[in-house]
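Colleague: Next input, structure requested:
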Amino acid sequence: MKNYLSILLAVLGHFGFATFTASAHPGSGIIVDVQGRVYFSEAGDIDARLPGAVWQIDPQGKLTRLHEGGAHYLTLDANRSFAQTNLKSWFGARLTPWLQRVDTSDASLIQADGQPIVMHRDGSLYYAKGNLEISRLTPDGRLTPIAPALAADRLGGIKGLAFGPDDSLYVACPSAVLKVATNGTVSTVVHPITVPDCDREFPPDTPESHSPYLRGLAVDARGTVYAAATGCRAVVKITADGQVSVVLRAERPWSPTGIAVHGEEVYVMEYEHSNSANREEWVPRVRKLVRDGKVTTLATLPTSQGRPVTPQRRP
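Modeller: Down below sits the predicted model:
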C-alpha cells in the first residue's frame, strides 16, 4: 500500500501538484445531457472506506448509482471519443492526469481528480494542468498548451472550466472569472467578485483575496455565467459586462460546489459541510433553479452510514 501511494504521489507531482489529497474537498462535477439526464460525482477517498460514486437522475426523478468510485470533476463525452485503455496508458506514462471513462446507455462520462476538466464539442478534452495551466487533449493523445498568458497562479489557481456558446473557454478562479477566446486571448469577465450578504464559510487558511471561493461554473446560450460561490453558500449570475447577482442561496450547512445549465434551467450540486476535514460529513444533494426562481430538490444522498463503503483503489 505504501508503495502504491508513493507512486501515485510521484505521478501527481509530475503534473505540478504541490500536494494532493482526494478527500481535501468534495466534488463539483455535475452535467446534464440533451435528454435531461443529470449526472453528478460524489468524490471518494483513495484506498478509504468511502469510495464515492457517479450518480444519475433521470427526467422522471429516479436516482441511480451509475458507477462505483467517484472523483472531483466530471464531463460528458457524448460521442465516446476517448477509450479507457488510452486514458490509463497516458496516465501510466505520465502524459496526462488521472482520467476515467464511465459509460452510460448512449454516451460516456469522463471523471478526473485534482483538476477541472471540460469537453469541447469537437471531441477534445481540456483540463487545468496543475490547476495553473490549461491543456488540450485530443482522442489520439495529442497535447497542446492553451492560453500560456493566463497567469492563474496570481488568482489562486483554476477551480472550474466551462465552454460558452461562442466556443470561448471560461475559467473560474477563487475570486475571478476569465474568458479565453478561440485565438488564445485572455480577458477578464469579472475580478474581484463581491457577493452581497455573503454567508462566509471558507476552507481553512483561505486568504481574504480568494473570497468568495468560486468553484464550478456553467455558461448558458446567451453567454451568462453561473458560478458556485462555495465560500458564500450562494450561486451567482454574471452577465457579459461583469454584473454580479445572487440567484440562489443554500442554508447552513449546505454549500454549492458545481453548476450545470440545461436550457433555461440551472442545476446546482451542493454539499453539507463542504469545508470539513471529516469525509463522512460530506453529503451531496442536487437542486434545480428554473427561470421564475422556483427551486426544487431533485436528490439528496443518504448519510455515509447509509451508503456502500466497499474500498475503491485508483488508478
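Colleague: Now the element after the host helix or strand of residue 118, going C-ward?
Modeller: When elements are assigned from DSSP states H and E, residue 118 belongs to strand 117-119. Remark: after strand 117-119, the chain's next helix or strand is strand 125-129, criterion DSSP H and E.
Colleague: Which strands or helices does that next one pack on?
Modeller: Secondary-structure packing of strand 125-129 (3 or more Cβ pairs under 8 Å, 6 or more residues apart in numbering; DSSP states H and E): strand 117-119, strand 133-137, strand 160-163. Placement of C-beta: from N, CA and C, glycine included.
Colleague: Pull up the pairing partners for the strand holding residue 118, direction included.
Modeller: The strands that strand 117-119 pairs with in its sheet are strand 125-129 (antiparallel) (by DSSP bridges).
Colleague: how about the partner strand: buried residues?
Modeller: If you call a residue buried by 16 or more other Cβ atoms under 10 Å, then strand 125-129 has these buried ones: 125-129.
Colleague: Equivalent analysis for stretch 129-139, please.
Modeller: By neighbour count, with 16+ other Cβ under 10 Å as the criterion, the buried positions of stretch 129-139 are 129-137.
Colleague: Considering those residues, which is situated nearest to residue 269?
Modeller: Of all the buried residues of stretch 129-139, the one sitting nearest residue 269 is residue 131; the distance, using Cβ to Cβ, is 19.4 Å.
Colleague: pretty sure residue 258 belongs to a strand, no?
Modeller: Yes. When classified by DSSP: H, G, I helix; E, B strand; the rest coil, residue 258 is found to be part of a strand.
Colleague: State the distance from it to residue 69.
Modeller: 18 Å (Cβ to Cβ, to the nearest Å).
Colleague: Would you map the strands across the stretch 1-150 of the chain?
Modeller: Listed from the start of the chain, the stretch 1-150 of the chain has strands (DSSP state E, counting those that start in this stretch) covering 30-32, 38-42, 53-57, 63-68, 73-77, 99-103, 108-112, 117-119, 125-129, 133-137, 143-146.
Colleague: quick check: mean pLDDT across stretch 172-181?
Modeller: Averaging pLDDT along stretch 172-181 yields 96.
Colleague: wait, I meant stretch 156-165
Modeller: Model confidence over stretch 156-165 averages 96 on the pLDDT scale.
Colleague: Endpoints of it, how far apart?
Modeller: 26 Å (Cα to Cα, to the nearest Å).
Colleague: From the rest of the structure, what touches it?
Modeller: 28, 115-118, 120-121, 126-128, 131-132, 134, 152, 169-175, 179, 207, 209-210, 213-223, 225, 227-228 (Cβ atoms under 8 Å, 6 or more residues apart in numbering).
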